[in-house]
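Enquirer: quick one: sequence and predicted model below, then my questions.
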Amino acid sequence: MISDSAVAILCGGKSVRMGTDKGLIPLCGKPMLLYALETCEEVFSEIYVVLGSNINKSYEELIGDRACILTDKLPEISSPLNGAYTAFENCEQKYLYLLSCDMPFLNTEVLRLMREVITTENAVVPRWPNGNIEPLHAVYRAKPSLEAAEKALSENRMDMLSMIKNLGRILYLSILVIEKLDPKLETFFNVNTVNELEKAEEKIKKRSK
């Protein structure tokens, strides 16, 4: 277990493209959230699941006492930054990982590596060769990140990039490094469409053979 870190799995509301709460969508017969939750249980002793302003009772039944359920502090805002802000405010650990509930193939070695490489930085954020980053597969120093999120929201900036710009010291971890632990980079595979859901099902079936 990573003793000084917690993790927040963001499940903020309904997916427009999928038409329902993404975390509850069946993936090979199991709600998608459980894939992320089960992986996180191998690495973290403190787990948050952050939902939108209205708790779907199905989440309570699904999660039980395996994680602490939080609801977005600012119900009028629909944005991952709102979920991040809520998680940072509740985090009692020094570091907080932010992950999305639609990532069924999270890699425990990658998660551990991200904590190993953070030193004086306020965050470790994976970055692709083209410059794109993964703010919802990253680890943050909780206190300065809360302040950075508050500043972005106070300026009506609702995106994660605005928060990150306020953080200052960021270690951008090359995908090429992560690829050594996860050659297919499946840890970053996320499910936003029916087509991606079908691909995820194919991957799971191949793994089970």
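Expert: That came in fine, so what should we check first? Keep in mind that what you see is a predicted model, and the values were worked out from it rather than measured.

Enquirer: tally of neighbours for T120?
Expert: 7 (other Cβ atoms under 10 Å). Quick note: C-beta positions are derived from backbone N, CA and C, even for glycine.

Enquirer: what about the closest residue to it other than its chain neighbours, how many residues nearby?
Expert: Using Cβ to Cβ, 6 or more residues apart in numbering and skipping the chain neighbours, the partner closest in space to T120 is R169 (6.5 Å). Per other Cβ under 10 Å, the neighbour tally for R169 reads 12.

Enquirer: how about R169, what does it touch?
Expert: If you count contacts by Cβ atoms under 8 Å, 6 or more residues apart in numbering, R169 has them with T120, E121, N122, A123.

Enquirer: tell me the pLDDT of the nearest residue to V177 once chain neighbours are set aside.
Expert: Closest residue in space to V177, ignoring its immediate chain neighbours: L113 at 7.8 Å, by Cβ to Cβ, 6+ apart. Note on L113: pLDDT of 97.

Enquirer: top of the contacts of R169 by neighbour count?
Expert: Of all the contacts of R169, A123 has the most neighbours under the rule other Cβ under 10 Å, reaching 26 neighbours.

Enquirer: which other residues reach the helix or strand where I164 lies?
Expert: Per DSSP states H and E, I164 falls inside helix 160-167. Residues from elsewhere that reach helix 160-167 (Cβ under 8 Å, 6+ apart): 80-81, 84, 122-123, 125, 133, 135-136, 140, 144-145, 147-149, 151-152, 155, 157, 170.

Enquirer: now a PyMOL select for only the buried ones of those.
Expert: Entered in PyMOL, the line below selects the buried ones among those, by 16 or more other Cβ atoms under 10 Å:
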select buried, resi 80+81+84+122+123+125+133+135+136+140+144+145+148+149+152+157+170
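
Enquirer: on that earlier part again, and the contacts of R169 as CSV, adding distance to K57 and secondary structure?
Expert: Formatted as CSV, the contacts of R169 follow (distance: Cβ to Cβ, whole Å; DSSP: H, G, I helix; E, B strand; the rest coil):
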residue, distance to K57, secondary structure
T120, 43, coil
E121, 39, coil
N122, 37, coil
A123, 34, strand
